[in-house]
Structures are given as structure tokens and as C-alpha cells.
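**Student:** Sequence first, predicted coordinates after that:
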Amino acid sequence: MNKLLVLPAIVLLAAAGCHRNVSQQFERMSGEFVRATLSFSPSGATSVGLHRFEGRNLDDELDDISSSNLDKQLHYYQAFQKRLADVDARKLAAEDRTDLEILNDQVAAALLDLTESHSAQHNPTIYVETLGNALFGPFVLEYAPLPERIRHIIARLGAVPLFLDQASTNLASAPDIWTKVAIDENEGNIALVDKTIRAAVPAELAGSYKDVAGKALQAMGKFQQFLKNDLLSRTDWDWRLGRDRYARKFSYTLETGVDAETLLQNATNDLAQVRAHMLELALPLHRQMVPSHGDHAELSGQAREDQVIGEVLATIAQHHSTRESYMDDARRDLEEARAFVAQKHLLTLPARGNLQVIPTPEFMRGIYAVGGFDPAPPLEPKLGAFYWVTPIPDTWPKDRVESKLREYNFYKLKLLTIHEAMPGHYVQFEFANDIPLESRRLVRAVFGNGPYVEGWAQYAEQMLLDEGFLDRSPEMALTFAKERLRVIANAILDIRLQMLNMSDQDALDLMEKQTFQETEEAAAKLQRAKLSSCQLPTYYAGWNGWLAARAAYRNAAGASYSLSQFNDRALGEGAVPLRSLAALLQESKQNAAGQP
């Protein structure tokens, strides 16, 4: 063998070994980061399936939210940011570079909150929801026999007085909407402890539970009085992030490469186009449903769109559930969607039968006013995954009930179920929980990209309709176009509220007058927009991102393109930034083919 040919081969092998070493080091670093940050929040650790950390039993602990521990977290993130800066991304494989991008943005977002947004000092809902999750997680996740999980709950209840004292000490001021929602959600926590969990406590633990629950309930009542009589009067903090902070959080959270103002312009342009499309869909239905009204040709522009589309949507909305049948109808819709996905072979259905449909926990109904999804823990994927459906309260007057049911009518409830469960969030997270490399699975589950997650669910709705779900019903097509309009409005709403001081009335007008949303839905969405930031645009950005990734994959595959293959491969990556997805799919295809 020619010695001149041997030397480059040795150099290449050495370089490959160097790259493996860097990747292995980064893998250890990623795993350390996820576990360390989860240890800051034992309630979150339980939901992920991390039960022990450095000799601690996290299931017995509540989060330490003292000022000293918050400082400790700040210093950890600052130090870790410096460590990330020392990682040579050029020596990492594409999958590791993607995880490095996720970690960099996650650290930046955490530091933004700890140093500028100061949620710990101004947002009471984070304490109420953390406590609720800390108690509800062990109650519903069957990671151990019930008596053992109740002992974990008892241990956490014992820490409630200190936890809520720390919360009261931390909270300096809050927007009144945050405090009002915290008050409502804290009532949900009280009911969770005093009724729901208490009813399930085994007889041998009833005495222990009674003692510790009594003290915890007293502390929760004291915290409720603090919220009502103290914090509610200290409102000198704005729920708006403002242009600069919002722009940075937007970049760290969405990871699309598109800035907020550009996304706002794109969404505004799409709003007009989708309304025009809706008019085309609505006109034939309008002639069938309200023939006596003509086509409203006497009107033009937005006025005609409002009249024709509005009348058809109002007729469609009359076909809806009742307050009593709402949950059962969602379960029925779930089975219908599952059967359709299987029949059409749109993707590989999850092997685990762990999906449950349950009422949204009361302590989460402030932000999940309609429904949501809680995935199985990535470290224990065999455990339960939960499609939350928020019940309609018995105390609601008839007009509120009717408004909710009209918005989530026969067609929209099906879209909600597709989005949250089948083949939306449930399927996506089940794929993500099968990523073999544990550190990667955790990074992409715990810190997964929002546009990927919400975009998949929106894309899934479109995919089913494109494939003929519900026999290509024109009523469903128009309802889905309204869904597209609502997703666009979500992006506009969040950006304009947070960056441009959009008024409440302008926000309600956008939703009710321009995007045909019911009053109840609009009010709940406005509240949600004030409780969160940079989440509502993920639907619009993600939907477009998924369609772009599929188009790129199809163009590269040519005649060999398969929709189910694309879905399986893209889902198999986990929740990566969508700007990275097409490149990762291309690299995985080359690796599978043995190409350099």
C-alpha cells in the first residue's frame, strides 16, 4: 500500500475519533443540563419521569423558590452559557448541533426571565400551577403503587406552608389579571387536596393525610387571602413584555429565523387571503342554507365577506354538543380520527395504548380554557398520556354555555380532538418518546420547539382533511378555514398586544369581527394572551414551517416520495427547530443510504 495514501486515512480516522469524543462530551453535558434544571423543579421532574437526583428523592420535594435558590439557578445558567460558548459546533454532527441550538436558546430564555422579566416576583400563577402539578402528577401518573404515590403527595403537602410563604415573600406586584387567575386556580388546588385526592387515599394513610392536608389547606387559604387582600391591590407591573424583551424572547422561543415584525406582516397579509377563500367556500353553502338572503351582492369587500361567511358559520354552529355530552363526544371523535389515520396509513400509529381523555385539572383552567394535552413522561413513556377537555361549568348561564358550544361545535370539536390527540400532540409526543438516545430525547421533550409541536398539530388537521376526512364535508372545510383564520389571529394578537400596545377592544374586534370567533372564545383567548407570551404565534409559524419542510422533503424525494414516510421520519426527530428539520431529514436519508 502506498504510504502517501495511508497518511490521509490516518488523519481522517483521527478526525472522526475527535468528532466522536466531542459528541460524547456534548451528550454528557446535555444530560447533565436537563437533570440539573429539572432538579430545580421537582414537580416538573416527576412529570418527566426523573425521580431521583444526586441522592435526593425528587417525588418527595416541592420546588425551592427562596431568593437564595433563585440566585443559585441564575448562577448555574450563567455558568452553563459560558460552557456552551466553548463547544465547537463545527466538530458536532448535525443532530448534536441542533441540540446545541436548543440549549443555547433555552439558557438565553431562562436568563431573560431571571434578570429582566422576573416572573418569580410578579406572576402568582406560576406558584399555583407548580403546586397543582406537584400534587396532580403523582396522583395520575402510575409510576409506583398508589400508596407510595400518596406518600409522595403527603411529603409534598408537608412542604406547602413554606412554599406558599416563599411565594408571598417573592411576589412584589402583579397585573390584576394574573392575580385573578391565580385566585381561581388556587381554588382548584384546594378542591384537589380536600376532595379529589382525599377520596383516593388508602385507609392506612388516611390519618397521615388528614393531618398534613389540614395544614396545607390552611396555608392555601392564607395564600388566597394574600392574593385577594394584598397582591390584588399591587398592580404596578405590566403583563406586556414590550418591544425589546418580546423580540428577544420571540427569537429564543420560536427559533424560526423570522423576527416578530416580519411574522406579523406575513400574518396580516394572510388574513385577507384566507377571508377571500372563505367567501368562495361559503357562497354555495349560503345558497343552500339561507336561500332567501341571496348572495348579498348589494355589499362589497369586507362587509360582504362578514355577512355571507358569518351567516353560514352561524348556521353550522347550531350543530353542537350539549354541556352533558361534550366530553363523551370528544371521546367519540378520538376513535373516529384514530380509525381514519389507520385506514389511510398516514403514519405509524403508536404501539402504546396509554392515551386517556380526562377533564382539564381545575388549577390549569385559567390558560387551558378549552383543552390541552399532557404527554407521557419521556423517561417513562409507558405511563399515561392525557387529552384534557375542559368541562363547561354548571354555574355558567345559558348564554355562556351556548357561546362555548357554538364555537366548539360538531366540526370544531373534531378539529380540537385531531389537534390535541389523534394524530396531533399525542402521536407527536409518542414518537418523541421513542428517540433512543436518552439525552437527546430529554432535550427535545423538555425544551422542545413550540412551533414544531403546535405546527404538527395544525398540519395534522390539514392532512386529515386533505385525505378526505368526514367525506370532504364543505361545512368542515369552512370550519377549518376559520381555524386557519384563528391561527393567523393568534399570531397578530400576541405580537400586537406584547409589542404594540394593542387595546383590549381592538383585540376583541380582531377575534369577533374579523375572524368570526364567538364572544366566549374571544374573551378566553384575550385572557390567555395576557397570561402567556410567544406561545400563540407558534401555531401560525409552525404550520407554515411544517408545510415548508414537507415540500422540501417531497422535492428531494421525487417519485419515491411517501407521505407516511415523511411523517414518520419528521416525527422521529422530536421537537427540533423547524428551520433545522429539512436538513436533518436530508442527512438521515443520506446516512440510511450509506452516502458520504
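**Tutor:** That came through fine.
**Student:** C-alpha only now, for contacts and for neighbours.
**Tutor:** Noted.
**Student:** Just give the nearest non-adjacent residue to Ala342, would you?
**Tutor:** Leu349 (7.2 Å; C-alpha to C-alpha, 6 or more residues apart in numbering).
**Student:** The one you found in helix, strand or coil?
**Tutor:** coil (DSSP: H, G, I helix; E, B strand; the rest coil).
**Student:** so it touches Val427, yeah?
**Tutor:** Yes: between Leu349 and Val427 there is a contact under C-alpha atoms under 8 Å: 7.2 Å.
**Student:** more crowded one of these two?
**Tutor:** The neighbour comparison of Leu349 against Val427 (other C-alpha atoms under 10 Å) goes to Val427, with 22 against 16.
**Student:** Check that one and give its pLDDT.
**Tutor:** With respect to pLDDT, Val427 scores 97.
**Student:** Am I right that Val48 is in contact with Pro375?
**Tutor:** No: the criterion here is C-alpha under 8 Å, and Val48 misses it with Pro375 at 9.0 Å.
**Student:** More neighbours: the two, which one.
**Tutor:** More neighbours surround Pro375 than the other of Val48 and Pro375, with 25 against 21 (other C-alpha under 10 Å).
**Student:** The spatially closest residue to the more buried one that is not a sequence neighbour: what's it in contact with?
**Tutor:** Using C-alpha to C-alpha, 6+ apart and skipping the chain neighbours, the partner closest in space to Pro375 is Ala385 (4.6 Å). Residues in contact with Ala385 (C-alpha atoms under 8 Å, 6 or more residues apart in numbering) are 354-356, 373-376, 426.
**Student:** and what of Gln73?
**Tutor:** Here Gln73 is in contact with Phe40 (C-alpha under 8 Å, 6+ apart).
**Student:** what about it, which SS state?
**Tutor:** Secondary structure of Gln73, per three-state DSSP, is helix.
**Student:** Now do it against Ile358, distance only.
**Tutor:** 34 Å (C-alpha to C-alpha, to the nearest Å).
**Student:** Does anything pack onto the helix or strand harbouring Ala557? Which helices or strands?
**Tutor:** Ala557 belongs to helix 537-557 when assigned by DSSP states H and E. Other elements packing on helix 537-557 under the criterion 3 or more C-alpha pairs under 8 Å, 6 or more residues apart in numbering; DSSP states H and E are helix 450-466, helix 474-500, helix 578-593.
**Student:** which of those sits most buried?
**Tutor:** helix 450-466 (a mean of 24; mean count of other C-alpha atoms under 10 Å).
**Student:** can you give me the mean pLDDT across it?
**Tutor:** 97.
**Student:** Measure how far it is from the centre of its chain, please.
**Tutor:** Taking C-alpha atoms, centre = their mean, to the nearest Å, one finds helix 450-466 lying 13 Å from the centre of the chain it belongs to.
**Student:** Does anything pack onto it? Which helices or strands?
**Tutor:** Partner elements for helix 450-466 (3+ C-alpha pairs under 8 Å, 6+ apart): helix 243-254, helix 410-420, helix 425-432, helix 537-557.
**Student:** now do 7 Å
**Tutor:** helix 410-420, helix 537-557 (3 or more C-alpha pairs under 7 Å, 6 or more residues apart in numbering; DSSP states H and E).
**Student:** Report the angle between the first one and helix 425-432.
**Tutor:** In this case it means helix 410-420. 20 degrees (axes from the mean of the first three to the mean of the last three C-alpha atoms, to 10 degrees).
**Student:** Any buried residues in helix 410-420, and which?
**Tutor:** 410-420 (16 or more other C-alpha atoms under 10 Å).
**Student:** tell me the angle that helix makes with helix 450-466.
**Tutor:** Using the same axes, to 10 degrees: helix 410-420 against helix 450-466 is 130 degrees.
**Student:** Go ahead and name everything in contact with the helix or strand just after the helix holding Ala557.
**Tutor:** Next in sequence after helix 537-557, counting helices and strands by DSSP H and E, comes helix 563-572. Residues outside helix 563-572 that contact it (C-alpha atoms under 7 Å, 6 or more residues apart in numbering) are 345-348, 428, 431-432, 435, 585.
**Student:** Flag every buried residue along helix 563-572.
**Tutor:** 566-572.
**Student:** Give me the mean pLDDT for it.
**Tutor:** 97.
**Student:** now swap in stretch 234-241 and tell me
**Tutor:** Mean predicted confidence for stretch 234-241 is 96.
**Student:** Quick one: closest of the helices and strands packed on helix 450-466 to Ala369.
**Tutor:** Distance to Ala369, taken as C-alpha to C-alpha, is lowest for helix 410-420 among the helices and strands packed on helix 450-466, at 12.6 Å.
**Student:** what distance separates the closest one from the centre of its chain?
**Tutor:** Counting by C-alpha atoms, centre = their mean, helix 410-420 comes out at 16 Å from the chain centroid.
**Student:** cool, stretch 386-399 as well?
**Tutor:** For stretch 386-399 - counting by C-alpha atoms, centre = their mean - the centre lies 20 Å from the chain centre.
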